[in-house]
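Enquirer: build me a model:
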Amino acid sequence: MDSSMNGTAEASIVEASGLMNETEMGDAAAEMEVDETADAVPFFVLSEDVLQALDIKTATGKGSLYQLLNQCCTPQGSRLLLQWIARPLLDVAEIDKRLDLVEFFVKKPSVRRTVADSHLKKFPDFGPIVRKLEKRRIGLQDLYRIYQAIQKIPTLVKAILAETEDVAPRVVQLINERFITPLDRSCGDFTDYQLLIKETVEPTNRPGEFRINPALVPILQETDGQITELEAQMKEDWEKTYTEVNMTDKTLKLESDSRLGYLYRVTRKDEKLLRKTTLKLITVDTKTSGYRFRTEELDSLNEDYLRLTAKYTAAQEKVIVQLVETASTYAVPLKSFNKVLAPLDVIVGLASAAFNSTVPYVRPTILPQDNGIIELVECRHPYIETFMERNFIPNSVRFKQDEATFHIVTGPNMGGKSTYIRQVALNVVMAQIGSFVPCKSARVSLIDGVYTRIGAGDSVEKGVSTFMMEMLEIQEILKSATKYSLIIIDELGRGTSTYDGYGLAYAVSESIANDLGAYCMLTTHFNELAELKTSAKHVVLSHVAALVTEDGITFQYAVEPGVCSQSFGVNVAQMAGLPAHVIQVCTHAPFSSTFTEVISFSCRTHFRMPKSFSGNWKMRTNWEWPPAQFPRMRWSISKLVVSKCRIYILFFLLHFCVK
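Expert: Alright, predicted model coming up:
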């Protein structure tokens, strides 16, 4: 440090540095990302494909579960929320603790609003600040922002504890463990830092600018006095100038530029008045904001001002280097403080999302994995219900291991099948991150993963077709899912022929239902899959209701037991505005009825797949062919046999990949 520095400042810096060395706060280059569950609490990871398929996180960030739940007040809170969503917990006790904290802030709206609006919103993003501290490239402004943030801790603690008299002792203890005690500890960790910054750094008269307190260093104090004297002389020149040119202090302004120093400015309209003056003016520049200039007197004073400020800056930099060196030892305690602040922000944000919903969310009951029950009563889609003009139609679902695990959902296009199965997955994920859920009531046994086959897409650059992409997703499900996984399949077997598609859908469904036993929801237009209930265990059949009248089709969006009688594809085509003659040809096509009969016949007899991939591969066929019923379709027998052989070849390859 500069030898001319006052002993008081030097002693303060050395004392603070010594404190940090003694307490051994740890490696200051540790990872900044905050996640207090990563070290001790087990979790599973949602893949990027699942996050996109369920609209948990979208490319634009809009229209997603993350956007809905992200009512955080700080950037670090938003980052932590995304980590929580992508990493649902596998520990009942930890989930219940999160739910206890969320419930506290849901039931205490005034506390929640005060903590969020009056405190959390005023904290900066400590991530970039810590990285600057670690690299010793931090400025006085950020050092002062840390000082201001630590000053807010006592009032934040007081706000959290404002209404805990009627709260259960268990919850109060949890609040103290998670927030109050760590916040108080942070206050203690930064005691010497606060004294150091208070004595060393002060704001200037320019917003957002700070400087070393000149009283601590003789050379800074001397230079600062000279600068103050010059500024007083420039102010005198300003008053004399606007008087001589017949202006006021509002029309002729004295301004300071960080690069050019002091100068005068008038509007371009008022610049004409200066042409009548006898003063010698030195033009600086002309911009849309006005004409800038100096008088000879101001120009001379400004040269001295620039020289002195350069001298002050050079002397100040030597002090700042030592100050930053000392402040860098506080990177680790600042991370510790951030690890308390970010979860608090997430918890308050989840409480806000639950309370502010169109229909308030409820606390789910979390059960151990072995209970094998997932029961969502009148569950809703958390995001879609926020922008619907009319009330969202809720639907219930119940899973029970060894009783009802495989749900087949049929119904018309646009009837709500995809929304229904997605909302079930979203509710389960929300429950396992510790959030309230959009249901009337919810019981959720822990799942160990979520797997999806949703949408249609290809990868041209990799040479992967839409159907191949679908098969790869199914292969990953069969390889990775367990009995306690949740599988969401929105249509299967659409990208190939009807024969192959149905066969694949049947075999995959039978394998998941009988061999895997996972929680699964499958939407399909293959109504014949209902026959799976006779050969596969734990199958539940349901459909989304629709009403067809002379005026068209009305979607009721309610999920009812049983199989839908038809897919209503023609009705949806009419809604889309297809020409009437196209609809007429479709409904009166000469092959339509016999085609349906053959498909139905083949579904009942020819495409009954083996019970498992490792079972007997002998074809279970029923060759009691009634020619009288199909006089026009005898030629299709060979076609059915060929298609069936092709299906078994595909499944042999798929089985080989899984193994």
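Enquirer: from now on I want contacts and neighbour counts done on CA atoms only, so please keep to that.
Expert: Will do.
Enquirer: can you give me the offset of the longest helix along the chain from its chain's centre?
Expert: Assignment by DSSP state H gives helix 296-327 as the longest helix of the chain. In terms of C-alpha atoms, centre = their mean, to the nearest Å, the centre of helix 296-327 is set 45 Å apart from its chain centre.
Enquirer: same check on stretch 249-257?
Expert: 47 Å.
Enquirer: likewise for stretch 391-410?
Expert: Using C-alpha atoms, centre = their mean, the offset of stretch 391-410 from its chain centre is 27 Å.
Enquirer: and stretch 79-89, by the same measure?
Expert: Here the centre of stretch 79-89 is set off from its chain's centre by 8 Å, with C-alpha atoms, centre = their mean.
Enquirer: check contacts around Glu473.
Expert: Glu473 sits next to Thr452, Arg453 when contact means C-alpha atoms under 8 Å, 6 or more residues apart in numbering.
Enquirer: can you pull the buried residues of stretch 204-223?
Expert: Phe210, Arg211, Ile212, Asn213, Pro214, Ala215, Leu216, Val217, Ile219, Leu220, Thr223 (16 or more other C-alpha atoms under 10 Å).
Enquirer: state the pair within those that is farthest apart.
Expert: For these, the maximum inter-member distance is 17.7 Å, found between Phe210 and Ile219 (C-alpha to C-alpha).
Enquirer: residues of the longest helix of the chain that come out buried?
Expert: 298-299, 301-302, 305-306, 308-309, 312-313, 315-316, 319-321, 323-327.
Enquirer: so where's the stretch 1-150 of the chain uncertain?
Expert: Low-confidence segments of the stretch 1-150 of the chain, defined by pLDDT under 70, span residues 1-39, 61.
Enquirer: just the helices in it please.
Expert: For the stretch 1-150 of the chain, the helices defined by DSSP state H, counting those that start in this stretch cover 7-23, 48-53, 65-69, 75-86, 92-107, 109-113, 126-135, 140-151.
Enquirer: in TSV: these, plus distance to Cys586 and mean neighbour count.
Expert: Below are the helices of the stretch 1-150 of the chain laid out as TSV (distance: least, C-alpha to C-alpha, whole Å; neighbours: other C-alpha atoms under 10 Å):
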stretch	distance to Cys586	mean neighbour count
helix 7-23	80	15
helix 48-53	33	16
helix 65-69	40	20
helix 75-86	46	22
helix 92-107	54	20
helix 109-113	58	17
helix 126-135	61	20
helix 140-151	69	18
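Enquirer: can you redo those as CSV with distance to Leu541?
Expert: Shown next, in CSV, are the helices of the stretch 1-150 of the chain (distance: least, C-alpha to C-alpha, whole Å):
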stretch, distance to Leu541
helix 7-23, 64
helix 48-53, 24
helix 65-69, 28
helix 75-86, 31
helix 92-107, 31
helix 109-113, 42
helix 126-135, 50
helix 140-151, 57
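Enquirer: right, and these - which one's nearest Ser511?
Expert: Here helix 48-53 is closest among the helices of the stretch 1-150 of the chain (C-alpha to C-alpha), at 21.5 Å.
Enquirer: am I right that Phe399 is in contact with Val377?
Expert: No - in this structure Phe399 lies outside contact range of Val377 using C-alpha atoms under 8 Å: 11.6 Å.
Enquirer: neighbour count: the two, which is higher?
Expert: Counted by other C-alpha atoms under 10 Å, Phe399 and Val377 do not tie: Phe399 has more neighbours, with 23 against 17.
Enquirer: so what's Leu541 bridging to?
Expert: Beta-bridge partners recorded for Leu541 (DSSP bridges): Ile408.
Enquirer: quick one: pLDDT of it?
Expert: At Leu541, the model reports a pLDDT of 92.
Enquirer: all strands in the stretch 251-400 of the chain, in order from the N-terminus.
Expert: Shown for the stretch 251-400 of the chain, the strands assigned by DSSP state E, counting those that start in this stretch span residues 253-257, 261-266, 281-287, 290-295, 365-367, 373-379, 395-400.
Enquirer: so which of those strands comes closest to Ile56?
Expert: In terms of C-alpha to C-alpha, the element of those nearest to Ile56 is strand 373-379, at 16.9 Å.
Enquirer: output the closest one as CSV, nothing but the C-alphas.
Expert: Extracted as CSV, the C-alpha positions of strand 373-379 are listed here (Å, rounded to 0.1, in the frame of the first residue of the first chain):
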residue,chain,number,x,y,z
ILE,A,373,-50.2,-45.0,-4.9
ILE,A,374,-50.6,-41.8,-7.0
GLU,A,375,-54.0,-40.2,-6.6
LEU,A,376,-54.8,-36.8,-8.0
VAL,A,377,-58.3,-35.6,-7.4
GLU,A,378,-59.6,-33.0,-9.9
CYS,A,379,-56.1,-32.1,-11.0
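Enquirer: the helices of the stretch 1-150 of the chain: which one's closest to Gly501?
Expert: Taking these one by one with C-alpha to C-alpha, helix 48-53 is closest: 21.6 Å.
Enquirer: Val563 is nearest to which of the strands of the stretch 251-400 of the chain?
Expert: Nearest of these to Val563, taken as C-alpha to C-alpha: strand 395-400 at 15.7 Å.
Enquirer: what helices or strands is the closest one leaning on?
Expert: In terms of contacts (3 or more C-alpha pairs under 8 Å, 6 or more residues apart in numbering; DSSP states H and E), strand 395-400 is packed against strand 373-379, strand 552-561.
Enquirer: out of these, which one sits most buried?
Expert: Burial of those is given as mean neighbour count (mean count of other C-alpha atoms under 10 Å); strand 373-379 ranks first at a mean of 21.
Enquirer: could you say what helices and strands it packs with?
Expert: By 3+ C-alpha pairs under 8 Å, 6+ apart, strand 373-379 packs against strand 395-400, helix 417-432, strand 441-445.
Enquirer: buried set for the first one?
Expert: Same thing as strand 395-400. Asn395, Ser396, Val397, Arg398, Phe399, Lys400.
Enquirer: which stretches of the stretch 351-500 of the chain have low pLDDT?
Expert: 389, 458-459, 463.
Enquirer: quick check: Pro203 touching Arg145?
Expert: No - using C-alpha under 8 Å, Pro203 makes no contact with Arg145, being 11.2 Å away.
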